[in-house]
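the sequence isn't on hand, but the structure is:
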């Protein structure tokens, strides 16, 4: 396979993303138990022992819960920026020196046949960042855990062949829900999470003719539903003139089940 990926798990309870090429097999985040991560990989017929590294976006537990144990079990190097390392290291247990690597924000690293570009997002973590993957003219971007989508982010992920993009909540469900107002304010704020409507609004400026697939990610278990997220984003994109359902397809993600492996062609 050339560039291919699966959203192994995505949601407020845990996040993990796999992307691979002929030479590289990378896990982005390990926000579930080691046992769960192993199960998810088996469901997409990937042997975790063939992984080459783990990239980390930020230190929140739904992104690093199984990181230490999984990295130790498979002797995987971990890449994160220095501030994220300092914030998460006490939670990881003992790691060998040759498993710890720094990947700075706004940097591009080449791993084998894959170029990986990092970019910062606005979220209430110490220095959160996400990634764009480039291989043989193909481009895949992951964009979740952000309170708003800046023009810089739009430019960075523009014209991706596939996007994993946050549609965390429906604003009315959140406003009417059981969360205390302090939590609601955090989610709605500039360092919180992107709503369904804001997802569609941002995608309007990101999608171009290359973009074939969008995966709606990091859905709240209390303030969103797959059907509602998909309907909201599809409706918004159609209003903006996009040919959803034909040239462009919208896909669900799940906190407990991986998406089928998709090869970018």
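Sure thing, it's come through. Remember, it's a predicted structure, so these values are computed and weren't measured experimentally.

for the helix ranked longest in the chain, give me every contacting residue.
Across the chain, the longest stretch assigned as helix under DSSP state H is helix 226-239. The contact list for helix 226-239, computed with CB atoms under 8 Å, 6 or more residues apart in numbering, reads 167, 170, 173, 196-197, 199-201, 203-204, 207, 214, 216, 219, 244-245, 248, 250, 252, 254. In this view, the C-beta of every residue, glycine as well, is placed from N, C-alpha and C.

following that helix, which helix or strand comes up?
Next helix or strand after helix 226-239 toward the C-terminus (DSSP states H and E): strand 249-251.

so what touches that following strand?
Identification of contacts with strand 249-251 by CB under 8 Å, 6+ apart yields 212-216, 230, 233-234, 237, 244, 259.

which two in those are spaced the farthest apart?
237 and 259 (19.5 Å; CB to CB).

contact partners for residue 51?
For residue 51, counting by CB under 8 Å, 6+ apart, the contacting residues are 25-27, 74, 76.

run through the strands of the stretch 1-150 of the chain in chain order.
Using DSSP state E, counting those that start in this stretch, the strands found in the stretch 1-150 of the chain span residues 4-9, 16-20, 25-28, 53-55, 78-80, 100-102, 108-111, 114-120, 129-135, 138-143.

give the closest residue to residue 162 in space, chain neighbours not counted.
In this structure, residue 162 finds its nearest non-sequential neighbour in residue 213, 4.4 Å apart by CB to CB, 6 or more residues apart in numbering.

quick check: that neighbour vs residue 194, distance?
18 Å (CB to CB, to the nearest Å).

more neighbours: which of the two?
For residue 213 versus residue 194, the count of surrounding residues by other CB atoms under 10 Å is larger for residue 194: 26 against 18.

is it correct that the more buried one is in contact with residue 202?
Yes - contact criterion CB atoms under 8 Å: residue 194 and residue 202 qualify, at 7.0 Å.

what sits in contact with each of those two?
Common neighbours of residue 194 and residue 202 (CB under 8 Å, 6+ apart) are 149, 165.

what number of residues lie near residue 8?
When neighbours are counted by other CB under 10 Å, residue 8 registers 30.

and the helices in the stretch 151-265 of the chain?
151-157, 171-176, 181-188, 196-204, 226-239 (DSSP state H, counting those that start in this stretch).

okay, these in a markdown table with distance to residue 111, mean neighbour count and mean pLDDT next?
A markdown table is the format used below for the helices of the stretch 151-265 of the chain (distance: least, CB to CB, whole Å; neighbours: other CB atoms under 10 Å; pLDDT from 0 to 100):
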| stretch | distance to residue 111 | mean neighbour count | mean pLDDT |
| --- | --- | --- | --- |
| helix 151-157 | 18 | 16 | 98 |
| helix 171-176 | 38 | 15 | 97 |
| helix 181-188 | 34 | 14 | 96 |
| helix 196-204 | 28 | 21 | 97 |
| helix 226-239 | 31 | 17 | 97 |
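
let's have those in JSON lines, adding distance to residue 129.
Listed next are those as JSON lines, based on distance: least, CB to CB, whole Å:
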{"stretch": "helix 151-157", "distance to residue 129": "11"}
{"stretch": "helix 171-176", "distance to residue 129": "25"}
{"stretch": "helix 181-188", "distance to residue 129": "20"}
{"stretch": "helix 196-204", "distance to residue 129": "17"}
{"stretch": "helix 226-239", "distance to residue 129": "24"}
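
and of those helices, who's closest to residue 16?
helix 226-239 (18.1 Å).

rewinding a little: to residue 34, which of the helices of the stretch 151-265 of the chain lies closest?
Nearest to residue 34 among the helices of the stretch 151-265 of the chain is helix 226-239; the distance by CB to CB comes to 26.7 Å.

and the nearest residue to residue 125 once chain neighbours are set aside, how close does it get to residue 88?
Closest residue to residue 125 apart from its sequence neighbours, by CB to CB, 6+ apart: residue 58 at 3.8 Å. According to CB to CB, residue 58 and residue 88 sit 8 Å apart.
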